[in-house]
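Asks: Need a 3D model of the following:
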Amino acid sequence: MTLLNMQRFSAENFNIILDAQQNVVETFGKTKKNTDYLLFPVGVHQLSLLETTSHNGSEVASINHNTLQEYLMSEKKKWVAVYKFVPRLLDIYKDFNMIVVDKYGRRTYDKKTGEDFVVCNF
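Replies: Here you go, the predicted structure:
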């Protein structure tokens, strides 16, 4: 039943693709042409000191965070990135609009209660 509903689903300007690229940043050029905003549900920010191979399924993208940061800082199109909160993100994105959110979805200024980090360039 669910598979049948998914096959029938239709929405204008809503595209889902399975990306086989090793670096998720390489895909952005393909998908951003017909969009007003770019949303990056990044998850946990990890320091990319060494490139490591993880054994994740196809639903988990491998993200080089340094490459993603460079991409976002140079991107002119409006974008929003959502991370799990770590204090170093405040320094990395200090020139952008950012909000730290607690586990109840409220804005917080306390680094100890921060759960998520939302940053955008608009």
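Asks: Report whether residue 4 is found in a strand, as I expect.
Replies: No - Residue 4 sits outside any strand when classified using DSSP: H, G, I helix; E, B strand; the rest coil, being helix.
Asks: Let the chain start at 121 from now.
Replies: Taking 121 as the first residue, the last one we looked at is residue 124.
Asks: what's around it, how many residues?
Replies: Other residues lying near residue 124 total 8 when counted by other C-beta atoms under 10 Å. Every C-beta, even on glycine, is put in place using the N, C-alpha and C of the backbone.
Asks: And residue 133, by the same measure?
Replies: If you count neighbours by other C-beta under 10 Å, residue 133 ends up with 7.
Asks: what's near enough to touch it?
Replies: With contact taken as C-beta atoms under 8 Å, 6 or more residues apart in numbering, residue 133 is in contact with 154, 155.
Asks: Quick one, grab the pLDDT at it.
Replies: At residue 133, the pLDDT value in this model is 70.
Asks: what about it, which SS state?
Replies: coil.
Asks: Pass me the low-pLDDT residue ranges in this structure, would you?
Replies: Counting by pLDDT under 70, the chain shows low-confidence ranges at 121, 135-152, 168-182.
Asks: buried stuff in the helix ranked longest in it?
Replies: As assigned by DSSP state H, the longest helix anywhere in the chain is helix 185-194. Applying a neighbour-count criterion of 16 or more other C-beta atoms under 10 Å, the buried positions in helix 185-194 are 188, 189, 191, 192.
Asks: This completes my enquiry, with thanks.
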